[in-house]
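In: Predicted structure and sequence below. I'll ask about it afterward.
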Amino acid sequence: MSETYDYDLCVIGSGPAGQKCAVQAAKLGKRVCIIERKEVVGGVAINTGTIPSKALREAILHLTGFGERSIFGASYQVKKDITIQDLSSWCQHIIRNEVDVVAAQLTRNDVEIIHGEGAIDGPHRVRISHGSRDTEITAQFIYIATGTRPARPDNVAFDQEHLVDADGMLTMPRLPRTMIVVGGGVIGTEYASMMQALGVKVTLVEGRDGLLDFLDPEIQEALQYHLRQHGMTLRMGEKVVKIEMIDAPPNARSSTGKLVEAMLESGKTLRAESLLYAIGRQGATRALNLASVGIEADRRGRVRVNNRFQVLAPANAGLTVGAGGPTHGAVPDADAPAADGHIYAGGDVIGFPALASTAMEQGRLAACHMFGIGCQSFPEHFPFGIYAVPEISMVGWTEQQLTEQDVPFESGVARYREIARGQLLGDEDGMLKLLVHPDTRLILGVHCIGNGATELIHIGQAVMLLKGTIDYFISTVFNYPTLAECYKVAALNAVNKLAHM
């Protein structure tokens, strides 16, 4: 007789991965609970990460009129003297609505929400601590979806006013005049560009030679050009070795009498009213008691999974988290799962690409694998969205990847300034790029920077999934005026090049 458990599935963490795993299992008729240590559901994505940062971006673009300055002039602004309270109130409204939506979805699907700190207490057992109260439940499967927190080195005295991490951006008491951003990854680039749009003088320091090196090189160059054109200082190939707070010199402008000083390895010294530290994130696994079931997190708190999203035992410690591959974050090796294979994980806690969209899909797939349900996914066509100013999105191969793999290709480019809708939106710098196989004429990659890029990318994604060729875009009629016309213009540009090969 099979063992009886309190639940078929216990999910630890209510972020995107946890939500979708729980809901998918519930739709299969399973008894599901979700453990959330905070008093509200949604995890980092809704409360401090994805949704707040995107809400902040929309508030900034609306209140500053940044997108319309090419039409009305560089001094155009919708609201003078924008305060952090203006931005925060906008964001809190969005956050409250999203929390309600997620809570209602879980309740509607009969997922039991248990508030408290969840920890694994041996095979199939989870201990939940809430204040002075501890309870224990059993579950056939356990899904780890605890996400990440900002990496905070011990030698940086974060006060969330002058020295802030990503979680502290919305709680700063005032907007600074100047800011140093350490780290040119997705989070650092997004926040740096938002602060620049607000009129903050930003210096971005990145140890690599360029920002977001996973982007197509032409898009990367366009981003860096745009940021510099709007006044940002980029310090590429530089490393910060020391950060400290100092008293502002008499001739320095500082609303608090303090400045942050960042010493670079090259000997340069940077000073600003505030500093955002955005170098990496740490997996939130410390309190999970992973050792009780033979699991070991890496030095950044992340766990390793196979292509079924089962957590791997330490014997696989040589396998890299987030190595890419067919599942964007899982290693394609189903050997030696931890315990008896009943513990799964997904979302940011398993590493790259650490996007809310892919986390949702990982949660859905994990639930299907647990309960033996056939499922289909297209990880090679997962889109990437970067909500910087300007917006960036991509799907498929980059030029660099195709070159490294000896895959022949041709490119076609459409620039927003050629498109009537681009002129109407005042976006003269945006562009859409198609990568095309010269023989099969299949679309190999789509890359976009500019207004609506994260929406526009899905047209190309759909055509790629359906094995469409460049000819589809040439033969299709698009509404006029729309940004979607970029596909036809880029396709014609690619075909013209192919004709002369």
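Out: Received the coordinates, thanks.
In: okay, CA-based contacts and neighbour counts for the rest of this
Out: Will do.
In: center of this structure, which residue is that?
Out: The residue lying closest to the centre of the chain (CA atoms, centre = their mean) is Leu355, at 3.9 Å.
In: mind checking how far it is from Asp6?
Out: If you measure Leu355 against Asp6 using CA to CA, to the nearest Å, the figure is 32 Å.
In: And His226, by the same measure?
Out: Looking at His226 against Asp6, where the rule is CA to CA, the gap reads 55 Å.
In: Show me what counts as buried in the least confident helix or strand in the chain by mean pLDDT.
Out: Using mean pLDDT, DSSP states H and E, helix 69-72 stands out as the lowest-scoring helix or strand of the chain, at a mean of 77. Neighbour-count burial for helix 69-72 flags no residue at all (criterion: 16 or more other CA atoms under 10 Å).
In: related to what we said a few turns ago, how far away is the residue nearest to the centre of the chain from Val164?
Out: When distances are taken as CA to CA, Leu355 and Val164 turn out to be 22 Å apart.
In: circling back: from the rest of the structure, what touches the least confident helix or strand of the chain?
Out: 75-76, 426-428 (CA atoms under 8 Å, 6 or more residues apart in numbering).
In: quick check, nearest of the residues you listed to Ala490?
Out: The shortest separation between Ala490 and any of the contacts of helix 69-72 is 15.9 Å, and it belongs to Glu428 (by CA to CA).
In: Now for the closest one: which residues touch it?
Out: Each residue near Glu428 by CA under 8 Å, 6+ apart is listed here: 70, 415-417, 422.
In: Ala197 too?
Out: Under the criterion of CA under 8 Å, 6+ apart, the neighbours of Ala197 are 60-61, 64, 66, 389.
In: Of the contacts of helix 69-72, which belong to strands?
Out: Judged by DSSP state E, the subset of those located in strands is empty.
In: Turn the buried ones among these into a named ChimeraX selection, would you?
Out: The buried subset of those, as determined by 16+ other CA under 10 Å, is captured in ChimeraX by this line:
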select :76,426,427,428
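In: Make a markdown table from the contacts of helix 69-72 and add distance to Pro408 to it.
Out: As requested, these are exported to a markdown table (distance: CA to CA, whole Å):
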| residue | distance to Pro408 |
| --- | --- |
| Ser75 | 46 |
| Tyr76 | 46 |
| Gly426 | 35 |
| Asp427 | 32 |
| Glu428 | 30 |
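In: nearest to Ile243, of the contacts of helix 69-72?
Out: Taking CA to CA as the measure, Ile243 sits nearest to Ser75 out of these, at 34.1 Å.
In: how close does the closest one sit to Thr64?
Out: In this structure, Ser75 lies at 10 Å from Thr64, with CA to CA as the measure.
In: same deal with Gly210?
Out: Shown here: Gly210 relative to Thr64, a distance of 28 Å by CA to CA.
In: the more surrounded of these two?
Out: Between Gly210 and Thr64, Thr64 has the larger neighbour count (other CA atoms under 10 Å), namely 22 against 19.
In: residues in contact with the more buried one?
Out: 76-80, 197-198.
In: Just give me the closest of these to Met394.
Out: Ala197 (23.0 Å).
In: Among the contacts of Ala197, which pair sits farthest apart?
Out: With distance counted by CA to CA, no two of the contacts of Ala197 lie farther apart than Thr64 and Val389, which are 12.5 Å apart.
In: which helices and strands does the helix or strand where Arg149 lies pack with?
Out: Assigned by DSSP states H and E, Arg149 falls within strand 148-150. Taking 3 or more CA pairs under 8 Å, 6 or more residues apart in numbering; DSSP states H and E as contact, the helices and strands that strand 148-150 lies on are strand 281-283.
In: before we move on, back to that, let's see the ChimeraX selection covering just the buried ones among the contacts of Glu428.
Out: Paste this into ChimeraX to select the buried members of the contacts of Glu428, with burial taken from 16+ other CA under 10 Å:
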select :415,416,417,422
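In: From the contacts of Glu428, pick the one nearest Leu498.
Out: Taking CA to CA as the measure, Arg415 is the one of the contacts of Glu428 closest to Leu498, at 19.1 Å.
In: is it true that the closest one touches Gln423?
Out: No: judged on CA atoms under 8 Å, Arg415 makes no contact with Gln423 at a distance of 10.6 Å.
In: Take the contacts of Ala197 and keep only those in helices.
Out: Applying DSSP state H to the contacts of Ala197, the entries found in helices are 60-61, 64.
In: wait, what's in contact with the nearest residue to Thr148 once chain neighbours are set aside?
Out: Of all residues beyond its chain neighbours, the one nearest Thr148 is Gly283 (4.2 Å), with distances taken as CA to CA, 6 or more residues apart in numbering. Shown here is Gly283, whose contacts under the criterion CA under 8 Å, 6+ apart are 146-149, 300-302, 348-349.
In: so which of those residues would you say is closest to Leu275?
Out: For Leu275, the closest of the contacts of Gly283 turns out to be Arg149, at 17.8 Å, with distances computed as CA to CA.
In: And that closest one, how far from Arg125?
Out: Distance of Arg149 to Arg125, computed by CA to CA: 25 Å.
In: do the same with Ala490
Out: For Ala490 relative to Arg125 (CA to CA), the value is 55 Å.
In: Equivalent analysis for Thr50, please.
Out: From Thr50 to Arg125 the distance is 31 Å (CA to CA).
In: Among the contacts of Gly283, list the two that are farthest apart in space.
Out: By the measure CA to CA, those have their two most distant members at Thr146 and Arg300, which lie 13.4 Å apart.
In: For those two, indicate the residue with more neighbours.
Out: In this view Thr146 and Arg300 are compared by other CA under 10 Å, and Thr146 has more residues nearby, 30 against 16.
In: So what's the residue count around the residue lying closest to Ser274 once chain neighbours are set aside?
Out: Using CA to CA, 6+ apart and skipping residues adjacent in sequence, the residue nearest Ser274 is His162, 4.3 Å away. Counted by other CA under 10 Å, the residues lying close to His162 total 23.
In: Looks like His162 contacts Leu275 (just checking).
Out: Yes: distance between His162 and Leu275: 6.2 Å, which falls inside the contact criterion (CA under 8 Å).
In: which neighbours do those two share?
Out: Common neighbours of His162 and Leu275, using CA under 8 Å, 6+ apart, are Val260.
In: What ranges does the stretch 251-400 of the chain have for its helices?
Out: Read by DSSP state H, counting those that start in this stretch, the stretch 251-400 of the chain holds these helices, from start to end of the chain: 356-370, 399-404.
In: Okay then, goodbye and thanks.
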